[in-house]
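Enquirer: predicted model and sequence follow; I will ask about them next.
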Amino acid sequence: MGRPGRQAIEERLRALREELAIDCCVINGENIADGRGITPRLADRLLAAGADAITLGNHAFARDEIGPYLKQSERVVRPANLSAAAPGRGLCVVEAANGTKVAVLNLMGQMTLTVAAGPFEIVDGLVEEARALAPVVLVDFHAEATSEKVAMARWLDGRVTAVLGTHTHVQTADARILPGGTAAITDAGMTGPHDSVIGVEARLAIHRMRTGLPVRFSTAEGGIRIEGVVIDCDPISGRAAAIEPLVRPYP
């Protein structure tokens, strides 16, 4: 989320990867540009900081300059169920540090968000494509409704390594391994300022909620922490063995 989140990633990610023996790291970067969207320069900075792939969401195209970048990028994906005419891809494959192929799939929910196709309408074909390319398949399901995210995780149980919810910026307390061996969490949380309203200066968010008037939001600065999850999985079968929430204060 904004400059504070980017700074935390740039300064801490490589050390965290070493400490936790992380073979592959995926970051949702859709709020990195002043809290809304992403730019080519900032995407490159996240990749240079140690991210293997970047996923996006409903703010994927908030910045005009990102379109041509997504069209050619092999490691930054946008939700696959946006318009087929939108630039970019919804699936990429990266190589983990141990040589394992990891497919990263990005989808967006349809409850309160605008998509060209419902996620459940296209997910099966995407998962089949991903499994043909890599044994480990990670799904970033960028959605508002907890019910939709839980349902997607249950639907894909046993077919993908993990279904990780993003978008709501609040880490949920339901990290779990489903019966079929899929790791899941309803929301992985937010890397950024937590003395805020989901990353926005509280006074601005509250003013809009109290008055209904338009307000130009600004990213908050205090209470910065890194949030996410760490997943252990079998590199051959792709089955997850463990999932642990990650919460680290910064600095």
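Expert: Structure's in. What do you need?
Enquirer: please make it C-alpha for all contacts and neighbour counts, starting now.
Expert: Fine.
Enquirer: could you pull out the strands for the chain?
Expert: All strands of the chain, identified by DSSP state E, fall at 26-28, 53-55, 91-95, 101-108, 136-142, 162-166, 176-177, 183-185, 192-193, 224-233, 240-249.
Enquirer: tabulate those (a markdown table), appending mean neighbour count.
Expert: Output for these, formatted as a markdown table (neighbours: other C-alpha atoms under 10 Å):
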| stretch | mean neighbour count |
| --- | --- |
| strand 26-28 | 21 |
| strand 53-55 | 25 |
| strand 91-95 | 20 |
| strand 101-108 | 26 |
| strand 136-142 | 25 |
| strand 162-166 | 28 |
| strand 176-177 | 20 |
| strand 183-185 | 29 |
| strand 192-193 | 30 |
| strand 224-233 | 20 |
| strand 240-249 | 16 |
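Enquirer: what does stretch 86-102 contact?
Expert: 23-24, 52-53, 67-68, 70-81, 103-107, 126, 130, 133-138, 235 (C-alpha atoms under 8 Å, 6 or more residues apart in numbering).
Enquirer: same thing with stretch 44-56?
Expert: Against stretch 44-56 from outside (C-alpha under 8 Å, 6+ apart): 6, 9-11, 13-14, 24-30, 43, 75-79, 94, 96, 104, 106, 140, 142.
Enquirer: go with 7 Å
Expert: Stretch 44-56 is contacted from outside by 9-10, 13-14, 24-30, 75-79, 94, 106, using C-alpha atoms under 7 Å, 6 or more residues apart in numbering.
Enquirer: just the ones of those in helices?
Expert: Members of the contacts of stretch 44-56 lying in helices (criterion: DSSP state H): 9-10, 13-14.
Enquirer: let me have the strands of the chain in TSV, adding distance to Glu148 as columns.
Expert: Formatted as TSV, those follow (distance: least, C-alpha to C-alpha, whole Å):
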stretch	distance to Glu148
strand 26-28	19
strand 53-55	19
strand 91-95	20
strand 101-108	10
strand 136-142	9
strand 162-166	10
strand 176-177	16
strand 183-185	12
strand 192-193	25
strand 224-233	20
strand 240-249	20
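Enquirer: Serialize those to CSV and add fields for distance to Met1 and mean pLDDT.
Expert: Shown next, in CSV, are the strands of the chain (distance: least, C-alpha to C-alpha, whole Å; pLDDT from 0 to 100):
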stretch, distance to Met1, mean pLDDT
strand 26-28, 10, 98
strand 53-55, 13, 98
strand 91-95, 23, 98
strand 101-108, 18, 98
strand 136-142, 15, 98
strand 162-166, 12, 98
strand 176-177, 25, 98
strand 183-185, 19, 98
strand 192-193, 5, 98
strand 224-233, 10, 98
strand 240-249, 15, 98
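Enquirer: closest to Val200 out of the ones you listed?
Expert: strand 192-193 (8.1 Å; C-alpha to C-alpha).
Enquirer: any regions of the stretch 51-200 of the chain where pLDDT drops low?
Expert: Low-confidence segments of the stretch 51-200 of the chain (pLDDT under 70): none present.
Enquirer: ok, the residue lying farthest from the centre of the chain to Phe120 distance?
Expert: Note on the chain: the largest C-alpha distance from the chain mean falls to Thr211, namely 31.6 Å (C-alpha atoms, centre = their mean). Per C-alpha to C-alpha, to the nearest Å, Thr211 is found 37 Å from Phe120.
Enquirer: please name the nearest non-neighbouring residue to the spatially most central residue of the chain.
Expert: Centroid-nearest residue in the chain: Asn28, 3.1 Å away (criterion: C-alpha atoms, centre = their mean). Distances taken as C-alpha to C-alpha, 6 or more residues apart in numbering place Thr55 nearest to Asn28, at 4.6 Å, with adjacent residues excluded.
Enquirer: partners of the closest residue to Glu221 other than its chain neighbours in the sheet?
Expert: Excluding its sequence neighbours, the residue lying closest to Glu221 (C-alpha to C-alpha, 6+ apart) is Pro193, at 5.4 Å. Beta-bridge pairing for Pro193 (DSSP bridges): Ile224.
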